[in-house]
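Peer 1: When you get a sec, could you give me coordinates for this:
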Amino acid sequence: MKSFKAIGAVVISVAMLAGLGACGTTDEPNKTAGVGKSGTSSGSHPAPYDVSGIRKDGRIAGMVPQSVAGDGKFTVAMQTSYAPSEFMDEDGKTPIGYDVDLSKALARVMGLEPDIVSASFDSIIPAIGSKYDAGISSHTITKEREQAVDFVSSFKAGTAFAVQKGNPKHLKAGDLCGSKVGVQTGTMEEQGADKLGKACVAGGGKPIEVQSYKRQTDAATALMTGKVDAFYADSQVTGYAIKQTRGKMERLGEDSDIVLQGIALKKGDGQMVQATQQAMQKLIDDGTYGKIMDHWGVKSGAVDKAEVNPEVAQ
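Peer 2: Here you go, the predicted structure:
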């Protein structure tokens, strides 16, 4: 997961995945809903959700400190290589994804113009409050990070396995011993698969053959071509890969290791934290947030309450 900072890019290869044919599922992201006058869709992923109808909330806008409101922009940093959260469109320069749409929606509620900046993941938190107003980049909320920034909860994510449609190897979510599992190098899932493999051996079973790939797209391709028996990634990444393969992959078992992700803000800036929390809660309450999540096919990860520095285990 992003909390462990994957080494490779996490963009699902739309050229490969969209060309696999077959029928879509009922949970497939909406490729047309929310398209505004400037909205476009390549057909391989949803068009950006149209936030033009969101109006400024004067009360919330009044909470925004002058240090942020002074230039009229809500500058948000994100690592744009993590589909469907935040990634680059086919033009290679336009950020898209549900975190991008959420950032734009929050900006409109606060009466600001969104300014989305692509940045390396590790550089975001240290620059919040100086270079960026916020970091909205699938940051897992941890006690360690709460020492450096304040968080407003915005999403819940877990880990999930996927197999080829119909589960031809007849794998069971609770018993992957003897199977080949594809993961991205440097992720929590790589560590998790290794631990599962050791547990198999300790229990007298066959080890799991963990095949590590620098990019999530390579791990997904390995599943589709039969090089591995299962694909293991963040729940929203797995879900998006399933949607983009138009049903050629399916989830195995339930999501696990659920954690909260959040909007990172300058530590101790009570005004901005309050304004962001209020804006986030407004979007939740009026249904806009849920529509954005549903638009990208990740509504299962939606939160029902925007919390400031929620209690977390780690």
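
Peer 1: Residue 190 contacts residue 211, doesn't it?
Peer 2: No - with contact defined as Cβ atoms under 8 Å, residue 190 does not count as touching residue 211 (9.9 Å). C-beta coordinates here come from the backbone N, C-alpha and C atoms, glycine included.

Peer 1: Name the residues contacting each of these two.
Peer 2: residue 183 (Cβ atoms under 8 Å, 6 or more residues apart in numbering).

Peer 1: Mind checking which of these two has more residues around it?
Peer 2: Comparing residue 190 with residue 211 by neighbour count (other Cβ atoms under 10 Å), the higher total belongs to residue 190, at 23 against 17.

Peer 1: How about that one, nearest residue that isn't a chain neighbour?
Peer 2: residue 183 (4.4 Å; Cβ to Cβ, 6 or more residues apart in numbering).

Peer 1: Can I get the helix or strand hosting that neighbour in CSV, CA atoms only?
Peer 2: Assessed by DSSP states H and E, residue 183 sits inside strand 180-184. In CSV, the C-alpha atoms belonging to strand 180-184 read as follows (Å, rounded to 0.1, in the frame of the first residue of the first chain):
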residue,chain,number,x,y,z
LYS,A,180,2.1,-18.4,-7.7
VAL,A,181,1.2,-14.9,-6.5
GLY,A,182,2.1,-11.7,-8.4
VAL,A,183,2.8,-8.5,-6.5
GLN,A,184,4.5,-5.2,-7.0
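
Peer 1: which helices and strands sit right next to that strand?
Peer 2: When contacts are defined as 3 or more Cβ pairs under 8 Å, 6 or more residues apart in numbering; DSSP states H and E, strand 180-184 sits against helix 188-202, strand 209-213, helix 216-224, strand 230-234.

Peer 1: rewinding a little: contact partners for the residue nearest to residue 190?
Peer 2: Going by Cβ under 8 Å, 6+ apart, residue 183 touches 189, 190, 193, 210, 211, 212, 213, 219, 231, 232, 233.
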